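Asker: have a look; sequence and predicted model below, questions after that.
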Number of protein chains: 2
Amino acid sequence: MGKSGADLGVVAGLVRASFLVNAVYAESARQYGLTVQQGQLLCVLMGRPYGMGDLGATLGLEKSSLTGLVDRAVRRGLVRRAPDPDDRRAVHVLLTEEGREVAEDFYAATCRRVDELAARLSPPDRDRLATLLGTIVRENEAPTVFLDTLQP
Amino acid sequence: MGKSGADLGVVAGLVRASFLVNAVYAESARQYGLTVQQGQLLCVLMGRPYGMGDLGATLGLEKSSLTGLVDRAVRRGLVRRAPDPDDRRAVHVLLTEEGREVAEDFYAATCRRVDELAARLSPPDRDRLATLLGTIVRENEAPTVFLDTLQP
DNA sequence: TAGACTCAGTTCGTGTTACGAACTAAAAGT
DNA sequence: ACTTTTAGTTCGTAACACGAACTGAGTCTA
């Protein structure tokens, strides 16, 4: 596998496109006084509260890394911990009201910027790209680090 | 702009695909005892030596951040600084021999892994994806953080 | 050509990120 | 009851990223 000329094209395309997305993400985060990781945390929590375990799995972080990330987000008033009524060891992490506002603004700004990356693509090309990336994301079970749509 | 259903699909697709690529990159780096940033540095330098300024622009880093990154890479014997004969302020950063070996192995491993992300796509779909991503990368002037092909 | 300015890179201090190992307390299994 | 698992935190270490301040070298200009 990986021998035709187009293969390398896919790889380099994915890596460089991902570099662009990272840069966009960083720029958005900076605009809202967040770090990239905090932005990611907020975007994940927009969907629903998470326990520390699930959150670590979703973000691909070790639990010890997560404690600090959540601590700092708590200190900034973006997030809070709530006890799990069914398990006194466990904790739910959820957005505060301020956190939700910031998350939604950050999410919107990031969407806008990422969208602009694909601005020069024709509508049918955008559809094709969305479909192809959707396949990759599905096949590789990418966690829900970024919502597909906002359900009101 | 950004109002049709497919638009959000593009955005979420790009963000999540980028998340997958980041994870793959991190895994490859870990395999070679590198950090992600060091891996990125090596991949950039595979193409040619860079001055600190260009390097910062390419990697999207502040010059003060770069000094440390290069310092640590030097300490690990992956990279070295060479004086610029035409400008005594300037420095060229280039791979050591060991650095080149690690870079090539890391690059190959990362290519293989990223390739696997798209493994389930049919060859024509891979071509389409490569083309579409290529357009985005070109339109947004993504820096050469990852070579397209190795020129021997 | 002296003085001002710009440019390349480093240093320093601060906050953040990430990890593994060791730990605590609660839950589950036997 | 006793052991094991599980959820999360703490601690120590290394890396990362930034801005502000700095040094020394090149450039511009009056």
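Answerer: Structure's in. What do you need?
Asker: in stretch A:40-53, what's buried?
Answerer: A:Gln40, A:Leu41, A:Leu42, A:Cys43, A:Val44, A:Leu45, A:Met46, A:Pro49, A:Tyr50, A:Met52 (16 or more other Cβ atoms under 10 Å in any protein chain shown). Every residue, glycine included, has its C-beta placed from N, CA and C.
Asker: for the fourth one, give me its contacts.
Answerer: For A:Cys43, the contacting residues are A:Ala103, A:Phe106, A:Tyr107, A:Thr110, A:Val145, A:Phe146, A:Leu147, taking Cβ atoms under 8 Å, 6 or more residues apart in numbering or on different chains as the criterion.
Asker: all strands of chain A, in order?
Answerer: Secondary structure of chain A, counting by DSSP state E: strands at A:50-51, A:79-84, A:87-95.
Asker: what is the nearest of the contacts of A:Cys43 to A:Thr58?
Answerer: For A:Thr58, the closest of those turns out to be A:Val145, at 6.6 Å, with distances computed as Cβ to Cβ.
Asker: which pLDDT value goes with the nearest residue to that closest one once chain neighbours are set aside?
Answerer: Spatially, and ignoring its direct neighbours in sequence, A:Val145 is nearest to B:Phe19 (5.0 Å; Cβ to Cβ, 6 or more residues apart in numbering or on different chains). Model confidence at B:Phe19, given as pLDDT, is 95.
Asker: try A:Val24
Answerer: In this model, A:Val24 is scored at 95, pLDDT.
Asker: next one: A:Pro85
Answerer: 96.
Asker: packing partners for the top helix by length along chain A?
Answerer: For chain A, the helix that runs over the most residues, judged by DSSP state H, is helix A:5-31. Using 3 or more Cβ pairs under 8 Å, 6 or more residues apart in numbering or on different chains; DSSP states H and E as the contact definition, the elements that helix A:5-31 packs against are helix A:36-47, helix A:97-117, helix B:5-31, helix B:97-117, helix B:123-139.
Asker: orientation of it relative to helix A:36-47 in degrees?
Answerer: 90 degrees (axes from the mean of the first three to the mean of the last three Cα atoms, to 10 degrees).
Asker: and the average pLDDT for stretch A:112-126 is what?
Answerer: 95.
Asker: where does chain A have low pLDDT?
Answerer: Residue ranges of chain A with pLDDT under 70: A:1-8, A:149-152.
Asker: what does it put close to DNA strand C?
Answerer: Counting by Cβ under 7 Å from any atom of the strand, the positions of chain A adjacent to DNA strand C are A:35-38, A:60-62, A:64-65, A:68-69, A:72, A:87-89.
Asker: go again with 6 Å.
Answerer: Counting by Cβ under 6 Å from any atom of the strand, the residues of chain A close to DNA strand C are A:35, A:37-38, A:61-62, A:64-65, A:68-69, A:72, A:87-89.
Asker: who wins on neighbours among those?
Answerer: For these, neighbours were counted using other Cβ atoms under 10 Å in any protein chain shown, and A:Gln38 has the most, 23 neighbours in all.
Asker: might one say that it is in contact with A:Val74?
Answerer: No. Taking Cβ atoms under 8 Å as the definition, A:Gln38 is not a contact partner of A:Val74, at 11.0 Å.
Asker: quick one: the closest residue to A:Ala130 other than its chain neighbours from B:Cys43, how far?
Answerer: Of all residues not flanking A:Ala130 in the chain, B:Gly9 sits nearest, at 3.5 Å (Cβ to Cβ, 6+ apart). Computed as Cβ to Cβ, to the nearest Å, the B:Gly9 to B:Cys43 distance reads 30 Å.
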